[in-house]
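In: Here you go, sequence then predicted model.
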Amino acid sequence: MNRFEYLILMGLCVALTIPLQPLFGARICRRPRRLARTLLPVVAVFYLWDALAIARGHWWFDRRYATGVELPLGVPIEELVFFIVIPLCALLTFEAVRNLLAGTTPVQLHRARRRRARTAHDAGHPGARVDG
């Protein structure tokens, strides 16, 4: 196993969920303050929890599977990346599903506008078909 595989996996998680923003209107990155207010408490709590567990010897990391880059309090960089990436991917997925179920994805809104425009256009013609 490569020592960078975990970071590559985290990168793939982000790469696969970032397209949810334009495709399904999960616009969490357009509101950076709101995103920071959501992520920072989670990151801080889990970072400190990891640091405490590492200091007490309850938690450790095999050097063969980590880059060896340690942050303050002995927390491997992979842990910080995990604490940011996984909640970010979860938020993107949640917003995408919520928009999809609400019918507010960009594709759904575009189709609805086209239907309204077609209906308005048809209503203005004397030979237009009227449904209902």
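Out: That came through fine. Computed from a predicted model, the values in this text were never measured in an experiment.
In: nearest residue to L80 other than its sequence neighbours?
Out: The spatially closest residue to L80, leaving aside those adjacent along the chain, is L71, at 6.0 Å (C-beta to C-beta, 6 or more residues apart in numbering). In this view, the C-beta of every residue, glycine as well, is placed from N, C-alpha and C.
In: The one you found: neighbouring residues, count only.
Out: If you count neighbours by other C-beta atoms under 10 Å, L71 ends up with 14.
In: residue contacts, L91?
Out: 26, 28, 35, 38 (C-beta atoms under 8 Å, 6 or more residues apart in numbering).
In: which of those lies closest to I54?
Out: Using C-beta to C-beta, T38 comes nearest to I54 of the contacts of L91, at 25.3 Å.
In: what mean pLDDT does the helix or strand that contains that closest one have?
Out: Using DSSP states H and E, T38 sits in helix 32-56. The average pLDDT for helix 32-56 rounds to 94.
In: who does it touch, helix- and strand-wise?
Out: Packing partners of helix 32-56 (3 or more C-beta pairs under 8 Å, 6 or more residues apart in numbering; DSSP states H and E): helix 77-102.
In: tell me which residues in the helix it packs on are buried?
Out: Buried residues in helix 77-102, counted by 16 or more other C-beta atoms under 10 Å: 78-85, 87-89, 91-92, 95-96, 99-100.
In: what's the angle between the helix or strand of the chain with the lowest mean pLDDT and helix 77-102?
Out: The helix or strand of the chain with the poorest confidence is helix 106-123; it has a mean of 75 (mean pLDDT, DSSP states H and E). Interaxial angle, helix 106-123 versus helix 77-102 (axes from the mean of the first three to the mean of the last three C-alpha atoms, to 10 degrees): 20 degrees.
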